[in-house]
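Q: Whatever this is, show me its structure:
(2 chains)
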Amino acid sequence: MTETQTESKSDHPGTVLITGMGGRFGGRLVRRLHRKHRVVGIGRRVALGLPQDVEHVQIDPLRSAAREIFARPDVRAIVHLGVIHDSRRAGSHQDNLLTLERVLGYAEQFGIRKVVLLSSANTYGPRPENPQFLREEAPLLASGRFTGMRSLVEVDLFAQSYFWRHPETEIVILRPAHVLGTVRNAPSNYLRLALVPTVLGFDPMLQAVHQDDVAQAIDLALVPGVRGIFNIAGPPPVPLSKALRVLGRRSVGIPYSLAKSGLTGLFQFGMTHFPAAELDFIRFVCMVDDTSAKETLGYAPAHDLRETLIAVDEERWP
Amino acid sequence: MKKPSALALLADVSRRSGLPLVDRMLEGARRRAEALRLRVVGSDFDERVEWLRHRYDSIGGDPFGLDPDVAKSAVTVLSFFHRLYFRTECFGLGNIPEGRALLVANHSGQIPIDGAILGTALFMDLNPPRVGRAMIEKWAVSLPFASTFFNKVGQVVGVPENARRLLEMGELLLVFPEGVRGISKPFSQRYQLQAFGSGFMRLAIETNTPIVPVAIIGAEEQYVNFGNLERVAKVLGMPVLPMVPQILVPGGQLPLPMKYRLHFGEPLYFRGDHLDDDKVINDKVWLVKQTIQELLNQALSQRAGLFT
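A: Model (predicted):
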């Protein structure tokens, strides 16, 4: 799936347009990119604390008024972060696919030659029969057991269909392992719990990647000529129990059946963000082999295990 | 002067002479336990564990989740069976290469004790110690505790990608190509190799890995199986239902204390195309099978007795 073109482009990559910049990860990414590129953001949320030279337009990319931002002549690349991961939000599945379609359509229309999509290694799905490290060719099976993952899987597949439909556009799909940091995603939230519930009798290997290492991968993906699908992993994986020891968390093992029924109930009443099917992430392995990113992108995680893990405590959000 | 009560007297006596006596008894028991432990695991056991820890720490921890502490306790328990119960004797340990290798062995004994003993032998009797890594069934991964335990002692899920990765790491892979056919064969077929799978051969050719044939003597007689009830097993949804009357005798649940003998043959090297026709691959598999059968026959003709 990966190939490098030696086609030469102008040295200055022009403006990078980031969708979904209002998120916490968007903020981290901007701080890395704005030194090298002009950056303009677009998204539904308010983006606070941005560097002064970064412009952010608060607008839903699905609105037709968003078109003029994509139409700016200096936009050379799009980083698409604006994927809603929370499957409970009404219409999120539809919005995710329509937004991606719109973004890829603009890229084609306005001759933007680079689109970077931040997908997820979770799309492979945690399964007992998974090989210890999945390569990019592995099928995305997450939605088989857990329909909430359907949206993320289909977004990834939809972007892949553009590889052959629009070979002139360089599409890069990044599939990072569990991203940890100040971001508010499921794995970081889980590790932030004061008392961490685990499934009794299971201690799967956990592969995490620091949010800034993901930003580094996006940075590298913007290099002209790079295209393809890349798994992104951080430091060598450790058992979940060891990760909790490093963080100094207390944990409590709950039998699977009890945890499952309990979570189902809590989820129905909106008291938790963890759907019961996500318990498989703390039962089975879902880890990736990032050899391809290391060889083709020159990616190398800069944070070791401890730094990656304690990043979840860096900044407490209310 | 107040006369001391009987209770106080008793307390005094027990403090003066009773406590040291208990201490001595405890000390004696501790020494005996230590002596037993040393006899079972040997004096260099801690060095071996350290070596193991160092090997995997140097690569940032084993990516499959091997935990030296859990492995240490597991080997301590298994050593009892290895050294005292089965009195395992190894032949031809020098045939195991320093780097990666596939150890292909006969499989038998109704429950896979042979694999555990082979793994223990590699850790206890080889210098430097090695971890034999076997593949576990996919269904076993969803069992709580068991799957975690298997991972922590170095066993991995049986998919080809994992085998390839382990070999790249320079590990020893234990392969039992007979699978369950070998484990549950009846007593009348002992030491007769069943049909071999061919996956290991493709893997060996692809990764250019030497194959070490291994003959395990002793395990085939540990449970006397008079035959498998295939129909009943089918009705009950069990993979196999062996008739092993010895488990009805008190204490018969334990395997018979046969003497285990592990014979390691000279490594075999195979070249060619790993995607070749089944026919070509099966010829090479047949060669390995014949080698192991000869190793078995030779070892059986030499063995002094079943239990000695």
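
Q: can you list the residues of chain A near chain B?
A: Applying the criterion CB under 8 Å from any CB of the partner chain, the portion of chain A that neighbours chain B consists of A:128-133, A:135, A:199-205, A:235-239, A:255-256, A:283-284. Bear in mind the C-beta positions are built from the backbone N, C-alpha and C, glycine included.

Q: Got a ChimeraX select line for the buried ones in those residues?
A: Restricted to the buried members of the residues of chain A next to chain B, where burial is judged by 16 or more other CB atoms under 10 Å in any protein chain shown, the ChimeraX selection command reads as follows:
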select /A:128,130,131,132,133,135,199,200,201,202,203,204,205,235,237,238,239,256,283,284
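
Q: Could you list which residues are in contact with the residue in the stretch 51-200 of chain B positioned nearest to chain A?
A: With CB to the nearest CB, the shortest gap between the stretch 51-200 of chain B and chain A falls at residue B:144, namely 2.6 Å. If a contact means CB atoms under 8 Å, 6 or more residues apart in numbering or on different chains, then residue B:144 has A:199, A:200, A:201, A:202, A:255, A:256 as its contacts.

Q: Identify, from these, the entry nearest to residue B:109.
A: residue A:201 (26.7 Å; CB to CB).

Q: Am I right that that closest one falls within a strand?
A: No: in this structure, residue A:201 is coil, not part of a strand, as judged by DSSP: H, G, I helix; E, B strand; the rest coil.

Q: and the gap between the nearest residue to it once chain neighbours are set aside and residue A:204?
A: Once its chain neighbours are removed from consideration, residue A:201 has its nearest residue in residue B:144; the separation is 2.6 Å (CB to CB, 6 or more residues apart in numbering or on different chains). Distance from residue B:144 to residue A:204, counting by CB to CB, to the nearest Å: 12 Å.

Q: ditto for residue A:36
A: Distance from residue A:36 to residue A:204, counting by CB to CB: 38 Å.

Q: Kindly report the same for residue A:262.
A: 20 Å.

Q: quick one, what contacts residue B:270?
A: Taking CB under 8 Å, 6+ apart as the definition of contact, the neighbours of residue B:270 are B:201, B:204, B:205, B:211, B:284.

Q: Neighbour-wise, give me the winner out of the residues you listed.
A: When the contacts of residue B:270 are compared by neighbour count (other CB atoms under 10 Å in any protein chain shown), residue B:201 ends up highest, at 28 neighbours.

Q: my guess is it contacts residue B:285, does it?
A: Yes: counting by CB atoms under 8 Å, a contact exists between residue B:201 and residue B:285, whose distance comes to 5.0 Å.

Q: Which residue ranges of the stretch 101-250 of chain B form helices?
A: In the stretch 101-250 of chain B, the helices defined using DSSP state H, counting those that start in this stretch lie at B:113-125, B:146-152, B:160-168, B:180-183, B:199-207, B:230-236.

Q: Could you identify which of the ones you listed is most buried?
A: For the helices of the stretch 101-250 of chain B, the largest average neighbour count (mean count of other CB atoms under 10 Å in any protein chain shown) is found in helix B:113-125, namely a mean of 23.

Q: Which elements pack onto that helix?
A: Here helix B:113-125 is seen to pack against helix B:45-57, helix B:68-79, strand B:101-105, strand B:132-136, strand B:172-175, strand B:211-217, strand B:261-264 when contacts are counted using 3 or more CB pairs under 8 Å, 6 or more residues apart in numbering or on different chains; DSSP states H and E.

Q: what sits against the residue nearest the centre of chain B?
A: Centroid-nearest residue in chain B: residue B:116, 1.3 Å away (criterion: CA atoms, centre = their mean). Contacts were defined as CB under 8 Å, 6+ apart; by that measure residue B:116 touches B:78, B:81.

Q: What is the neighbour count of residue 59?
A: Using chain A. Here the number of neighbours of residue A:59 (other CB under 10 Å) works out to 15.

Q: Correction: the question concerned chain B.
A: By other CB under 10 Å, the burial measure for residue B:59, its neighbour count, is 11.

Q: what's the answer for residue B:213, then?
A: Here the count is done by other CB under 10 Å, and residue B:213 has 27 residues near it.

Q: now it, which residues is it bridged with?
A: Beta-bridge pairing of residue B:213, defined through DSSP bridges, involves residue B:104.

Q: Can you give me the pLDDT of it?
A: Note for residue B:213: predicted pLDDT of 97.

Q: Please list all residues in contact with it.
A: Residue B:213 makes contacts with B:104, B:105, B:264, B:265, B:268, B:288, B:291, B:292, B:295, as judged by CB under 8 Å, 6+ apart.

Q: mind listing the strands in chain A by residue range?
A: Taking DSSP state E as the test, the strands found in chain A are A:3-4, A:15-19, A:38-43, A:55-58, A:75-80, A:114-118, A:170-176, A:178-180, A:195-199, A:205-206, A:208-210, A:226-232, A:238-239, A:250-254.

Q: strand partners of the last one, parallel vs antiparallel please.
A: Sheet pairing for strand A:250-254, assigned by DSSP bridges, gives strand A:195-199 (parallel).

Q: quick one: average pLDDT of the strand it pairs with?
A: The predicted model gives strand A:195-199 an average pLDDT of 94.

Q: and what of stretch A:143-155?
A: 87.

Q: again, but for stretch B:151-171
A: This predicted structure assigns stretch B:151-171 an average pLDDT of 93.

Q: tell me what the helix or strand of chain B with the lowest mean pLDDT is packed against?
A: Least confident helix or strand of chain B, by mean pLDDT, DSSP states H and E, is helix B:6-13 with a mean of 83. In terms of contact count using 3+ CB pairs under 8 Å, 6+ apart, helix B:6-13 is assigned no packing partners among helices or strands.

Q: Which elements pack onto the helix or strand just after that helix?
A: Next helix or strand after helix B:6-13 toward the C-terminus (DSSP states H and E): helix B:19-41. For helix B:19-41, the elements it packs on are helix B:68-79, judged by 3+ CB pairs under 8 Å, 6+ apart.

Q: For residue B:292, grab the count of nearby residues.
A: Other residues within reach of residue B:292, judged by other CB under 10 Å, total 24.

Q: Kindly apply the preceding question to residue B:46 instead.
A: 11.

Q: Would you check how far apart it and chain A are?
A: Distance check for residue B:46 against chain A: by CB to the nearest CB, to the nearest Å, it reads 22 Å.

Q: What's the per-residue pLDDT of that residue here?
A: pLDDT at residue B:46 comes out at 89.

Q: Residue B:194 too?
A: pLDDT, the model's per-residue confidence, is 94 for residue B:194.

Q: And the residue of chain A found nearest chain B, its phi and psi?
A: When you check chain A against chain B by CB to the nearest CB, the closest residue turns out to be residue A:201, at 2.6 Å. Main-chain dihedrals, residue A:201, degrees, to the nearest 10: phi 90, psi 0.

Q: so who does it touch?
A: Listed by CB under 8 Å, 6+ apart, the contact set of residue A:201 reads A:253, A:255, A:256, B:143, B:144, B:145, B:146, B:147, B:148.

Q: Show me the shaky parts of the chain.
A: Defaulting to chain A. A:1-13, A:316-318 (pLDDT under 70).

Q: please go with chain B instead
A: B:1-2.
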